[in-house]
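Chemist: Okay, sequence plus prediction incoming.
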Amino acid sequence: MPSKPKRLPLPKRFSAALTEEAYARLRRLNEEWHFGNNYLLTILLENFDEIVDEEKFQGVMQEFIAEYGQPKGGMK
């Protein structure tokens, strides 16, 4: 008899605001992979270095900062 899949505990909780485009992308990932938003964000962030091309990411960040600026004080 196959064993029951383990459940990954998600002890940290926070509120997050997303753009409509970002939330739509999260919903599409949910439809494809059938994970909730918390699990999808966990998978993406824990595997960020394997998923993202560092040079492209740096370029996207610089473009974003040029257009919207950078918040003062960092993460709280």
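Modeler: Sure, I can see it. Note that the coordinates shown come from a computational prediction; the quantities given were computed from them, not determined experimentally. Residues are numbered from 1 along each chain as shown.
Chemist: use CA for all of it now, contacts and neighbours both
Modeler: OK.
Chemist: What residues does residue 65 make contact with?
Modeler: Counting by CA atoms under 8 Å, 6 or more residues apart in numbering, residue 65 makes contact with nothing.
Chemist: Helix, strand, or coil at it?
Modeler: helix (DSSP: H, G, I helix; E, B strand; the rest coil).
Chemist: if I look at it, how far off is residue 2?
Modeler: 50 Å (CA to CA, to the nearest Å).
Chemist: Residue 42 too?
Modeler: 26 Å.
Chemist: do residue 10 as well
Modeler: From residue 10 to residue 2 the distance is 24 Å (CA to CA).
Chemist: Settle it for me: which of those two has more neighbours?
Modeler: residue 10 (9 against 4; other CA atoms under 10 Å).
Chemist: What values do phi and psi take at the more buried one?
Modeler: phi -120, psi 80 (degrees, to the nearest 10).
Chemist: Now do it, the pLDDT please.
Modeler: Looking at residue 10, its pLDDT reads 91.
Chemist: do residue 1 as well
Modeler: Value listed for residue 1 in the pLDDT field: 68.
Chemist: Could you do residue 14 as well?
Modeler: At residue 14, pLDDT is 88.
Chemist: Torsion angles phi and psi at it?
Modeler: phi -160, psi 160.
Chemist: Counting neighbours, what do you get for it?
Modeler: Around residue 14 there are 4 residues (other CA under 10 Å).
Chemist: now residue 48
Modeler: Quick note: residue 48 (other CA under 10 Å) scores 12 neighbours.
Chemist: mind listing what's buried in the helix or strand hosting residue 25?
Modeler: If you go by DSSP states H and E, residue 25 is part of helix 20-33. Neighbour-count burial for helix 20-33 flags 26, 27 (criterion: 16 or more other CA atoms under 10 Å).
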